[in-house]
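Visitor: No letters, just coordinates:
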């Protein structure tokens with residue numbers, strides 16, 4: 001069975017790979033798998049701003065209603081608002097229709113269970129198996145027993161109120177610039193920071209269905225860097241299309257990535273006695289510099305596979321306070337069950353305010369080791385060629401031997417795109433660039 005689900009739900013080019021027919025089946029199967037049959041189930045459905053969202057939302061809701069479940073439309077809200085709302089509503093499940101940081105032609109569908117958690121591999125496989133088995137001849141409901149749809153026009157206000165309550169101070173005196181990526185945070189982000197007293201500037205906040213992530217947001221922070229400098233801001237926050245990730249820009253226009261945000265946040269929690277077991281959960285993609293700095297500061301690191309769902313599993317399993325990814329998915333375990341870009345920004349801003357330090361000063365806590373990430377475009381059936389072809393394996397071993405304990409090689413298939421990611425860390429930037437491109441060229445020659 002080729003897995004339908006990647007590391008963050010089902011994703012593909014809208015109307016080509018992720019079709020309305022597939023969305024209907026996912027809605028129907030998800031409703032059957034995620035509800036226990038003891039009551040009329042309720043499933044929340046939200047979306048980001050991309051043009052295909054309406055099409056997939058309607059198809060998804062039709063599938064949900066066809067098996068007798070109720071659907072509640074939340075409209076355009078950030079992904080973390082769905083996770084929060086599921087718990088707030090005491091709903092059976094939630095659905096976010098978004099392709100996160102991907103270009104507009106993509107879209108995706110990710111489920112949350114009744115606790116606001118992303119689904120386990122086992123539950124995803126159960127949903128897929130039900131579709132592939134044509135729903136096991138499930139009974140067809142007549143027109144009396146199908147579900148109804150309703151709207152919750154206040155869902156965005158409820159999330160804004162929640163995000164503000166994650167800190168117990170105000171942000172008066174701070175100048176904050178926000179890049180909303182023309183995505184799902186274009187209303188909530190500005191309102192949260194304004195209500196907390198910050199002077200707020202916002203860019204890329206006029207979505208038209210086609211401009212989501214277009215030279216904007218966390219994947220393209222260049223414009224925000226320039227804006228922060230020109231407007232003498234204390235902090236810039238670059239969100240992605242569904243606002244579950246956040247990267248920061250310091251007052252000098254320098255990028256502060258997820259690793260540094262995590263360490264800054266961990267140290268602030270540790271100082272307050274709120275960092276459970278002095279432990280931070282990260283992924284194998286975290287920079288070696290984080291390992292070194294965390295050890296110096298007395299913070300233990302636990303590493304998971306790539307994907308915020310795996311970070312969250314570890315957080316929940318042991319009750320840890322904080323975890324996330326270099327890409328900007330940051331999970332504050334005391335507040336939400338997924339990466340939350342707005343809450344991350346609020347937390348970081350409060351640390352700046354309470355410490356009296358600039359973000360550039362706070363970011364000095366960690367020195368980033370040179371790191372190169374090269375993407376190789378491959379078809380799905382070639383995603384694991386780096387682990388099966390003997391010539392590629394030999395080249396990787398040689399590079400690892402040359403780096404010794406001065407660096408590392410990490411190669412993994414993307415869970416959301418047709419890519420193999422080649423990441424190499426080491427002391428010499430030029431050396432690791434050459435090594436990464438050598439592996440890339442070898443993979444390309446083999447396919």
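Guide: Nice, I can see it. Source: prediction; values computed, not measured. Numbering: from 1, shown residues only.
Visitor: Can you give me the end-to-end span of stretch 85-101?
Guide: End-to-end span of stretch 85-101 (CA to CA, to the nearest Å): 22 Å.
Visitor: I'd like the distance from that stretch to the chain centre, please.
Guide: Its chain's average C-alpha position is 14 Å from that of stretch 85-101, according to CA atoms, centre = their mean, to the nearest Å.
Visitor: Next, the buried residues of it.
Guide: Neighbour counts over stretch 85-101 (16 or more other CB atoms under 10 Å) mark 85-87, 89, 91-101 as buried. Where C-beta positions appear, they are placed from N, C-alpha and C, glycine not excepted.
Visitor: Which strands and helices lie in contact with the strand or helix carrying residue 281?
Guide: Assigning secondary structure by DSSP states H and E places residue 281 in strand 279-283. Helices and strands in packing contact with strand 279-283 are listed as helix 258-271, strand 300-304, helix 308-318, strand 322-324; criterion 3 or more CB pairs under 8 Å, 6 or more residues apart in numbering; DSSP states H and E.
Visitor: repeat that for 10 Å
Guide: If contacts are counted by 3 or more CB pairs under 10 Å, 6 or more residues apart in numbering; DSSP states H and E, strand 279-283 sits against helix 258-271, helix 288-296, strand 300-304, helix 308-318, strand 322-324.
Visitor: could you check the angle strand 300-304 makes with it?
Guide: 30 degrees (axes from the mean of the first three to the mean of the last three CA atoms, to 10 degrees).
Visitor: Quick one: work out the angle between strand 279-283 and helix 258-271.
Guide: In terms of direction (the same axes, to 10 degrees), strand 279-283 departs from helix 258-271 by 170 degrees.
Visitor: what comes up buried for strand 279-283?
Guide: Neighbour counts over strand 279-283 (16+ other CB under 10 Å) mark 279-283 as buried.
Visitor: Where is pLDDT lowest across these?
Guide: Ranked by pLDDT, the buried residues of strand 279-283 bottom out at residue 283 (94).
Visitor: My read is that that residue contacts residue 325, right?
Guide: Yes. Counting by CB atoms under 10 Å, residue 325 is a contact partner of residue 283 at 5.3 Å.
Visitor: Spell out which residues are contacts of both of the two.
Guide: Residues touching both residue 283 and residue 325 (CB atoms under 10 Å, 6 or more residues apart in numbering): 258-259, 304, 306-308, 310-311.
Visitor: Nearest to residue 28 among the residues you listed?
Guide: residue 307 (25.8 Å; CB to CB).
Visitor: which residues touch that closest one?
Guide: Neighbouring residues of residue 307 by CB under 10 Å, 6+ apart: 6-8, 118, 283, 285, 313, 325, 329, 415-416.
Visitor: Please dump those into CSV; it should also carry secondary structure and distance to residue 132 for every row.
Guide: Output for the contacts of residue 307, formatted as CSV (DSSP: H, G, I helix; E, B strand; the rest coil; distance: CB to CB, whole Å):
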residue, secondary structure, distance to residue 132
6, strand, 17
7, strand, 21
8, coil, 21
118, strand, 21
283, strand, 30
285, coil, 32
313, helix, 26
325, coil, 31
329, coil, 30
415, coil, 20
416, coil, 21
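Visitor: Ranking by neighbours, what's the top pick from the residues you listed?
Guide: Counting neighbours by other CB atoms under 10 Å, residue 329 leads those with 28 neighbours.
Visitor: Model confidence for that one, exactly?
Guide: Note on residue 329: pLDDT of 96.
Visitor: Over to residue 1?
Guide: In this model, residue 1 is scored at 61, pLDDT.
Visitor: ok, and the closest non-adjacent residue to residue 167?
Guide: Leaving aside its chain neighbours, residue 167 sits nearest to residue 350 (4.3 Å; criterion: CB to CB, 6 or more residues apart in numbering).
Visitor: brain fart, residue 103
Guide: Spatially, and ignoring its direct neighbours in sequence, residue 103 is nearest to residue 213 (6.2 Å; CB to CB, 6+ apart).
Visitor: The one you found belongs to a strand, doesn't it?
Guide: No. Counting by DSSP: H, G, I helix; E, B strand; the rest coil, residue 213 falls outside a strand, being coil.
Visitor: quick one: contacts for it?
Guide: By CB under 10 Å, 6+ apart, residue 213 lies in contact with 48-50, 99-104, 106, 181-183, 204, 219-220, 240-242.
Visitor: In a markdown table: the shared contacts of residue 283 and residue 325, plus pLDDT.
Guide: Formatted as a markdown table, the shared contacts of residue 283 and residue 325 follow (pLDDT from 0 to 100):
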| residue | pLDDT |
| --- | --- |
| 258 | 97 |
| 259 | 97 |
| 304 | 94 |
| 306 | 85 |
| 307 | 85 |
| 308 | 87 |
| 310 | 91 |
| 311 | 95 |
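Visitor: Looking at those, which is nearest residue 407?
Guide: When the shared contacts of residue 283 and residue 325 are compared against residue 407 (criterion: CB to CB), the nearest one is residue 259, at 16.1 Å.
Visitor: Which residues are in contact with that closest one?
Guide: Contact analysis of residue 259 by CB under 10 Å, 6+ apart lists 280, 282-283, 285-291, 293-294, 324-328, 366, 368, 371.
Visitor: Tell me how far it lies from residue 326.
Guide: As judged by CB to CB, to the nearest Å, residue 259 and residue 326 stand 5 Å apart.
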